[in-house]
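> build me a structure from this.
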Amino acid sequence: MSGLVALLDDVAALARLAAASVDDVAAGAAKAGAKAAGVVIDDAAVTPQYVTGVSPRRELPMIWRITKGSLVNKLLIILPALLVLSTFAPWILTPLLMLGGAYLSYEGAHKIWEKLRGHHAERSAEPSQVRGKEAEDKVVRGAITTDFILSCEIMVISLNEIAAESLWSRALILIVVGVGITALVYGAVAIIVKMDDVGLAMTRRSSAASQRTGHLLVRAMPVVLRVLSFVGTFAMLWVGGHILLVGMAELGFALPYDLVHHLEEPLHHIAGLGPVLAWLANTLCSMVLGFLVGSLVLGVLTLLPLPTKH
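Take a look at the predicted model:
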């Protein structure tokens, strides 16, 4: 009888340990995923363009193919590489993160300069049609390639938040982050691209309320996409700039970080709104830094004799 009691105690202890591990993984995944929010928003804003001009019956199958490619990117390519680097060369994570921050800043600055010059509007006005399996395969490959770059950013940012965890904890947390963010992004994309079809179907119903709701959905989706694009652009500048700000301090060049900290410090003491104002100041400074670095990278790439796509 005492042996059975001891066994039950051991089982209970193991259950508590397992529960604690699950809680740790969940907490780590939430913390890591939150830091990658800027990239996630941009990913959700970018992806719908790949199914523009596609037959409605092919939209969801294409999104599913891109989703599977994204999971392969994150779990079978990026995750093993990052685990090896974090184990044998952890010093490389900060430079990698800063390289990603520079890329995010470049993407954000590029979008802003395109908007200012009117190029984005010109490209958006061009008709886009995807017909045939070969054309669809090409679009899917392009989307998965873009996803690979964004997935690298998501996973590196996430890993940086949990670098102190054990190898198995890092692996589990990154798996949860990778699967969770992929489901979130492409689930949202699927809803976005089909929402106008849902709205159109509702406009054909006899109910006046359904018709009004349908017309509202059809009119709202372009606005939703524009808002996502707008938020995603500034989120990239914010995230990219903040990564660069912190990374420079970690590598020994702390002057920009100290300047931002000095700007924040007086705001913390303002009653009620202090923390919010301090966060806004840090965010604004990060955006400015991201825009400046991104514009510099854009200028360098513009001057380089790189091949252009036709």
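> could you use CA atoms for every contact and neighbour count after this?
Fine.
> okay, how far is it across stretch 264-274, tip to tip?
Distance between the boundary residues of stretch 264-274 (CA to CA, to the nearest Å) amounts to 9 Å.
> contacts for it, please.
Defining contact as CA atoms under 8 Å, 6 or more residues apart in numbering, one finds that stretch 264-274 is touched by 275, 277, 278, 279, 281, 282.
> which of the residues you listed count as buried?
275, 277, 278, 281, 282 (16 or more other CA atoms under 10 Å).
> which one of those residues is nearest to residue 252?
Each of the buried ones among the contacts of stretch 264-274 was checked against residue 252 using CA to CA; the closest is residue 282, at 19.6 Å.
> pLDDT weak spots in the stretch 151-300 of the chain?
Along the stretch 151-300 of the chain, segments meeting pLDDT under 70 are nowhere present.
> does the residue nearest to residue 279 when sequence neighbours are not counted sit in a helix, a strand or a coil?
Spatial nearest neighbour of residue 279, excluding adjacent residues (CA to CA, 6 or more residues apart in numbering): residue 264 at 7.7 Å. Using DSSP: H, G, I helix; E, B strand; the rest coil, the structure places residue 264 in helix.
> mind checking how far residue 300 is from residue 104?
According to CA to CA, residue 300 stands 15 Å off from residue 104.
> do the same with residue 222
Counting by CA to CA, the gap between residue 222 and residue 104 amounts to 24 Å.
> likewise for residue 190?
Taking CA to CA as the measure, residue 190 falls 24 Å from residue 104.
> those two: which is more packed in?
In this view residue 190 and residue 104 are compared by other CA atoms under 10 Å, and residue 104 has more residues nearby, 31 against 20.
> quick check: that one touching residue 235?
No. In this structure residue 104 lies outside contact range of residue 235 using CA atoms under 8 Å: 9.2 Å.
> isn't residue 103 right next to residue 294, touching?
Yes. The criterion here is CA under 8 Å, and residue 103 meets it with residue 294 at 7.4 Å.
> that older thread, keep only those of the contacts of stretch 264-274 that are in helices.
Using DSSP state H, the members of the contacts of stretch 264-274 that fall in helices are 275, 277, 278, 279, 281, 282.
> contact partners for the second one?
Right, residue 277. The neighbourhood of residue 277, defined by CA under 8 Å, 6+ apart, consists of 264, 267, 268.
> same check on residue 95?
Contacts were defined as CA under 8 Å, 6+ apart; by that measure residue 95 touches residue 247.
> and it, what element?
Element membership for residue 95, per DSSP states H and E: helix 93-117.
> noted, bye for now.
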